[in-house]
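Return a 3D structure for these sequence lines:
(chains A and B)
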2 protein chains.
Amino acid sequence: MFKIFTQKDGLANVKGFYCDGVNVGMKTEPKEDGDVAFIRSETVCEVSSVFTTNNFAAAPIKHYQRYPKDFKTDFVLINSKNANAMTGKNGIEDIDEIFKSLNLKTTNPIMSSTGVIGYRLKKELIKSAFDKFDYEAKNSYKTARSIMTTDSFEKELAFKVELEDGKSFNIAAICKGAGMINPAMATMLCFVITDAAIPKSDMDELLTIATKQSFNTISVDGDTSTNDTLMLLANSQSKAYNKEAFEMVLNRLTKELAMMILKDGEGSNKVVAFEVTGAKDDKQAQTASMALSNSLLVKTALFGEDPNWGRIASTIGASGIICDEDSLVIKYDDLLIYSKHKPSLDEETEQKAFKIMKKEQYKISCDLGISDGKFISYGCDLSYDYVKINADYRT
Amino acid sequence: MFKIFTQKDGLANVKGFYCDGVNVGMKTEPKEDGDVAFIRSETVCEVSSVFTTNNFAAAPIKHYQRYPKDFKTDFVLINSKNANAMTGKNGIEDIDEIFKSLNLKTTNPIMSSTGVIGYRLKKELIKSAFDKFDYEAKNSYKTARSIMTTDSFEKELAFKVELEDGKSFNIAAICKGAGMINPAMATMLCFVITDAAIPKSDMDELLTIATKQSFNTISVDGDTSTNDTLMLLANSQSKAYNKEAFEMVLNRLTKELAMMILKDGEGSNKVVAFEVTGAKDDKQAQTASMALSNSLLVKTALFGEDPNWGRIASTIGASGIICDEDSLVIKYDDLLIYSKHKPSLDEETEQKAFKIMKKEQYKISCDLGISDGKFISYGCDLSYDYVKINADYRT
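Residues are numbered from 1 along each chain as shown, chains lettered A, B, ... in the order given. Now for the predicted structure:
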């Protein structure tokens, strides 16, 4: 048995970790937010990471991958406004050069970047953060704000886990992400820190499981960025650990952060779960579910609050999976919308459907009636604001 | 040798064919447009068709497929406002019932529908068109207007081909389509008629080739509908035929219609060609090219006229094909935007890029530098109006 408690102040709860964020002049709006941040541990950490599947992984990811397998680290430097992607060898050398100026003794420092693709880092500006940082601070809020790009709110979360033997450990995370979220690995940066005494092999195993059920189930616009990073740092300072408890709390933490990202989907107002059941297998269910959460026509219908279930059916039909209109059943929440024997909406059902679609969160489920494959993904609506944000976003 | 001439008045040019469109009260805006139309030939035609790959093909497609292989026909009935899709057996029976009331002797009549999914046809309304039709009319414009849904303009095109021996034949088409255009077969209805004496086997062969280089290269929003239909009807009345000439004119006809559809992409203002060269093979080039024309982030950048080439690179990197940032070259028209040795835009190049992006048509080319695979697809921008049209569209 174990108990899980929510905590305030994000990263500040975890033993031996420090963090801070400052503005060096790259982020001009809002200018009270930082653009460079660090997370460090007073003792070295095991580290486990999941990176983007994009073929053009950014320079900081390549820099990380140059370290030997199972390297330990005690320092992560993060900047927003510039992704340091498509910058080739120069991009990696820039990171080395920045770390040469670091006024703190570190072990295998890591860098992580988010922002616009294709520009060299402003090294001198980033280095100027080193004199501004308070290396003894536990300023989770400022750190979380510093890594934001088009996010409309900071994302921090922390839990304390009390084990049966009276021992306890803490786990906390910050993350950023609002656009470009795709089930092929959400486009985001997420840094999870813990003082649990978790072995490296468990970190790798549990992080993979957590990713699958959290960031890999959400979709904002079907694009996958060059910089996606989910990183778990563990310094063991609590001396406490229980695998089952850690798995549960890591899953909960990542799932809640994924939902925060989706809720902050650029210009989005709604979070909709697309549950596909009865598919030939889980893979086919996933294909159909992701086709729904990525479809422009579905997303605009969610925005328009129009129970146009034909678009749901058409998207499933176009997804290339095995399906049959005679066995398909579509529901909005618990409301039956389509089945073979009920091919069009009567007035009363339509009114009920309108009500469901006005909610901020609801579920659209499609049972294919073929076999028992199932998958849930989460999507959001596509609004005028999505177009506005993305037509304008660059600097 | 042969000569190809453009003709006015679309379908009216083709010998032995008649067409008309009337409003029976389903389309209320603009109410001067029809909602039911026919195309007929005074002698029976060979017919060849390419249909949607959507698993939930609409009732009219299933009705067509019940006819024996190589059947001949002389009559096509077309309605807008209702797709007669997801209507099961009832949908097919409705078509049979409608044709029972037809006040004209026909052979193997075909129906084709476009509009909202999931509603039974209003049979009595559609039947009321039969008394209104002028079966001896050659009213191409009214016919073209009648099949429109969200289209902002009618699409008709006609050519005359003069052969060396002094003989000539005519080919003409109308089509509809504005949203839901995807390279897996553009979402549209297109009816091509000809008086050429083309054998059935050539019709099948040349229609497949024509589809591949026209409707299958355009993308508005990556969705594939339940009703996509490209139909070629030939009544041989000109007694003239030349395969090479027919292939050339059919390719030109379908390509021009595809560009009209793209230009009419819902709320779109620009047509952009995405040329991918240097891929491992043509298939990988197609994957990358289609990823570009379907990407929301690319489409919004086109709308914002922002030369944010990082989104181009990122989309290629995420498309799952073999690529390398060191061998990638990106150009906008002839302007070099990215290569390994030129990783970011200088002020002068950026100003030139801005100018190109203000044009209504331009090309973005990506050379992957791997091998010699190549593909061009065509896409459009994503504007506020796309969201508006699709949030509102249903009835």
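
Pop the domain breakdown of chain A in here.
Domain assignment for chain A, taken from automatic domain parsing, gives A:2-263, A:271-392.

Including mean neighbour count, could these go into TSV?
From N, CA and C alone the C-beta is placed, and that goes for glycine too. As requested, the domains of chain A are exported to TSV (neighbours: other CB atoms under 10 Å in any protein chain shown):
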stretch	mean neighbour count
domain A:2-263	21
domain A:271-392	20
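
Serialize these to TSV and add fields for mean pLDDT and distance to B:Q361.
Formatted as TSV, the domains of chain A follow (pLDDT from 0 to 100; distance: least, CB to CB, whole Å):
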stretch	mean pLDDT	distance to B:Q361
domain A:2-263	92	24
domain A:271-392	88	19
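
Just put the ones you listed in TSV and tack on distance to chain B.
Formatted as TSV, those follow (distance: least, CB to the nearest CB, whole Å):
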stretch	distance to chain B
domain A:2-263	2
domain A:271-392	3
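
which stretches of chain A form helices?
Here chain A has its helices, by DSSP state H, at A:59-65, A:88-100, A:123-127, A:129-132, A:140-146, A:200-213, A:243-263, A:282-294, A:296-303, A:309-318, A:347-357, A:384-392.

And the fourth one, how far out from the chain middle?
Per CA atoms, centre = their mean, to the nearest Å, the displacement of helix A:129-132 from the mean C-alpha position of its chain is 28 Å.

Tell me which of the helices of chain A approaches B:F75 most closely.
Across the helices of chain A, B:F75 has its closest neighbour in helix A:309-318 (27.5 Å, CB to CB).

who touches the closest residue in space to A:P307 that isn't next to it in sequence in this structure?
Closest residue to A:P307 apart from its sequence neighbours, by CB to CB, 6 or more residues apart in numbering or on different chains: A:A353 at 3.5 Å. Each residue near A:A353 by CB atoms under 8 Å, 6 or more residues apart in numbering or on different chains is listed here: A:307, A:332, A:335, A:337, A:345.

Touching, A:M111 and A:I78? I think so.
Yes. Contact criterion CB atoms under 8 Å: A:M111 and A:I78 qualify, at 7.4 Å.

Which strand runs longest in chain A?
Assignment by DSSP state E gives strand A:36-51 as the longest strand of chain A.

Kindly export that strand (C-alpha atoms) in PDB.
Extracted C-alpha coordinates of strand A:36-51, given in PDB (Å, rounded to 0.1, in the frame of the first residue of the first chain):
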ATOM      1  CA  VAL A  36      16.700  30.700 -20.200                       C
ATOM      2  CA  ALA A  37      16.300  28.300 -17.300                       C
ATOM      3  CA  PHE A  38      18.200  25.500 -15.500                       C
ATOM      4  CA  ILE A  39      17.300  22.500 -13.400                       C
ATOM      5  CA  ARG A  40      20.200  21.000 -11.400                       C
ATOM      6  CA  SER A  41      20.800  18.500  -8.700                       C
ATOM      7  CA  GLU A  42      23.400  18.800  -5.900                       C
ATOM      8  CA  THR A  43      24.300  15.200  -6.500                       C
ATOM      9  CA  VAL A  44      24.500  13.400  -9.900                       C
ATOM     10  CA  CYS A  45      21.400  11.800 -11.300                       C
ATOM     11  CA  GLU A  46      20.500   8.900 -13.400                       C
ATOM     12  CA  VAL A  47      18.800  10.200 -16.500                       C
ATOM     13  CA  SER A  48      16.400   8.500 -19.000                       C
ATOM     14  CA  SER A  49      14.900  10.300 -22.000                       C
ATOM     15  CA  VAL A  50      12.400   9.800 -24.800                       C
ATOM     16  CA  PHE A  51      13.200  12.000 -27.900                       C
END
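
Just want the angle from that strand to helix A:88-100.
130 degrees (axes from the mean of the first three to the mean of the last three CA atoms, to 10 degrees).

For strand A:36-51, which strands pair with it and how are they oriented?
Partners of strand A:36-51 in the sheet, by DSSP bridges, are strand A:17-22 (antiparallel), strand A:72-79 (antiparallel), strand A:229-234 (antiparallel).

possible to save the ones you listed as JSON lines with distance to A:V271?
Shown next, in JSON lines, are these (distance: least, CB to CB, whole Å):
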{"stretch": "strand A:17-22", "distance to A:V271": "28"}
{"stretch": "strand A:72-79", "distance to A:V271": "27"}
{"stretch": "strand A:229-234", "distance to A:V271": "20"}
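
doesn't A:I193 make contact with A:V14?
Yes. Contact status for A:V14 versus A:I193: in contact at 4.9 Å, counting by CB under 8 Å.

shared neighbours, these two?
Contacts common to A:V14 and A:I193, judged by CB under 8 Å, 6+ apart, are A:171-172.

JSON lines for the helices of chain A, including distance to A:G34?
Converted to JSON lines, the helices of chain A look like this (distance: least, CB to CB, whole Å):
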{"stretch": "helix A:59-65", "distance to A:G34": "18"}
{"stretch": "helix A:88-100", "distance to A:G34": "16"}
{"stretch": "helix A:123-127", "distance to A:G34": "12"}
{"stretch": "helix A:129-132", "distance to A:G34": "8"}
{"stretch": "helix A:140-146", "distance to A:G34": "3"}
{"stretch": "helix A:200-213", "distance to A:G34": "27"}
{"stretch": "helix A:243-263", "distance to A:G34": "19"}
{"stretch": "helix A:282-294", "distance to A:G34": "32"}
{"stretch": "helix A:296-303", "distance to A:G34": "32"}
{"stretch": "helix A:309-318", "distance to A:G34": "41"}
{"stretch": "helix A:347-357", "distance to A:G34": "39"}
{"stretch": "helix A:384-392", "distance to A:G34": "21"}
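
Which one of the ones you listed lies nearest to B:N90?
helix A:309-318 (15.4 Å).

For that closest one, which helices and strands make contact with it?
Judged by 3 or more CB pairs under 8 Å, 6 or more residues apart in numbering or on different chains; DSSP states H and E, helix A:309-318 is in contact with helix A:282-294, helix A:296-303, strand A:329-332, strand A:335-338, strand A:361-367.

same thing but at 10 Å, please
On a contact count with 3 or more CB pairs under 10 Å, 6 or more residues apart in numbering or on different chains; DSSP states H and E, helix A:309-318 meets strand A:271-279, helix A:282-294, helix A:296-303, strand A:329-332, strand A:335-338, strand A:361-367.

How far off centre is it?
Relative to its chain's centre, helix A:309-318 lies at 27 Å (CA atoms, centre = their mean).

now the angle from it to helix A:347-357?
70 degrees.

What would helix A:309-318 look like as CSV? C-alpha coordinates only.
Provided in CSV are the C-alpha atoms of helix A:309-318 (Å, rounded to 0.1, in the frame of the first residue of the first chain):
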residue,chain,number,x,y,z
TRP,A,309,-21.4,12.3,-37.4
GLY,A,310,-21.0,11.7,-41.1
ARG,A,311,-17.5,13.2,-40.8
ILE,A,312,-16.7,10.8,-38.0
ALA,A,313,-17.9,7.9,-40.2
SER,A,314,-16.1,9.2,-43.3
THR,A,315,-12.8,9.6,-41.5
ILE,A,316,-12.9,6.1,-40.1
GLY,A,317,-13.8,4.8,-43.6
ALA,A,318,-10.9,6.7,-45.1
